[in-house]
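[1] make a model of this:
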Amino acid sequence: MLRKLLSLISSIGLICTLTNSVYAAGDAAAGEEKSATCVACHGTDGNGVAPDFPKIAGQIPGYIASQLAAYKSGERQNALMAGMIMTLTEQDMQDLDAYYAQFQFSKESIDESELAAANRGREIYRRGLSQYSVPACMACHGPAGDGLPARYPKISGQYRNYLVTSLREFKSGVRKNEEMNTIAFRLSEQQFQDLATYLHGLD
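    Here you go, the predicted structure:
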């Protein structure tokens, strides 16, 4: 038991060290200068200008840089992003990561008519669906949806449209991630909507 505990503490320490080193690699001031082309879709503070574009403010350190790298390599496909990132260097990506990490996600809310959907989404997020071998989402994204460095992104307060679109892309295989491809494949469109409603209002 003690050996397992020490191993866990060591792992957490390594994660923190790696995350801090990734964050430190970026220069927020330089990132601000390089963010001019990002503003049209993501806004000056990374909270987006429309629900189809994701909020990237306050994302866990390292995640934005990793996604930009995925777009540049072709691992992640998006026609709009493809044209934006081709000239970015690894340092540019780190600088943009550091710039947007300093902002806060804007808060969202749901109305009373959406409570039933949000409650269904909450059950999936917190408990999973054992009958379909779907694990609880919070196992990777955290109880409050704040993400776990450096692999699992913050998803609480995210726009519903973007969340549903992402789940559809994972289900179809357009967006590649072995864990998410398997999970999304086992969920229905209604469950996508329920999860997105719950997460949209999760503070």
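
[2] state the distance from residue 39 to residue 100.
    Using C-beta to C-beta, to the nearest Å, residue 39 is found at 11 Å from residue 100. Any C-beta I mention is one placed from the backbone N, CA and C, and that applies to glycine too.

[3] which one's more surrounded, those two?
    Shown here are residue 39 and residue 100; by other C-beta atoms under 10 Å, residue 100 has more neighbours (26 against 12).

[4] burial count for residue 36?
    Residue 36, neighbours per other C-beta under 10 Å, totals 9.

[5] just confirm it is within a strand.
    No - per DSSP: H, G, I helix; E, B strand; the rest coil, residue 36 lies outside any strand segment and is coil.

[6] and it, what's its pLDDT?
    We have a pLDDT of 95 for residue 36.

[7] so what's it up against?
    Contact analysis of residue 36 by C-beta atoms under 8 Å, 6 or more residues apart in numbering lists nothing.

[8] which residues touch the residue nearest in space to the middle of the chain?
    Residue closest to the mean C-alpha point of the chain, counted by C-alpha atoms, centre = their mean, is residue 153 at 3.3 Å. Each residue near residue 153 by C-beta under 8 Å, 6+ apart is listed here: 59, 60, 63, 141, 147.

[9] now do residue 60
    Contacts of residue 60 (C-beta under 8 Å, 6+ apart): 19, 101, 146, 147, 148, 149, 150, 152, 153, 154.

[10] between these, which is closest to residue 203?
    Minimum distance to residue 203 across the contacts of residue 60 is 10.5 Å, recorded for residue 146 (C-beta to C-beta).

[11] wait, that closest one touches residue 156, no?
    Yes - because the distance of 6.3 Å satisfies C-beta atoms under 8 Å, residue 146 is recorded as touching residue 156.

[12] can you give me the pLDDT of the nearest residue to residue 56 once chain neighbours are set aside?
    In space, and not counting its chain neighbours, residue 56 is closest to residue 46: 4.4 Å by C-beta to C-beta, 6 or more residues apart in numbering. With respect to pLDDT, residue 46 scores 97.

[13] can you give me the distance of residue 46 to residue 130?
    From residue 46 over to residue 130 (counting by C-beta to C-beta), the distance is 36 Å.

[14] and these two? Which one has more around it.
    Counted by other C-beta under 10 Å, residue 46 and residue 130 do not tie: residue 46 has more neighbours, with 25 against 9.

[15] so who does the more buried one touch?
    By C-beta under 8 Å, 6+ apart, the neighbours of residue 46 are 38, 55, 56, 57, 58, 59, 100, 103.

[16] repeat the analysis, applying 7 Å as the threshold.
    Shown in contact with residue 46 (C-beta atoms under 7 Å, 6 or more residues apart in numbering): 55, 56, 57, 100, 103.

[17] one more: residue 161?
    By C-beta under 7 Å, 6+ apart, residue 161 lies in contact with 51, 52.

[18] residue 105 contacts residue 157, doesn't it?
    Yes - the pair residue 105 and residue 157 passes the contact test of C-beta atoms under 7 Å, sitting 4.4 Å apart.
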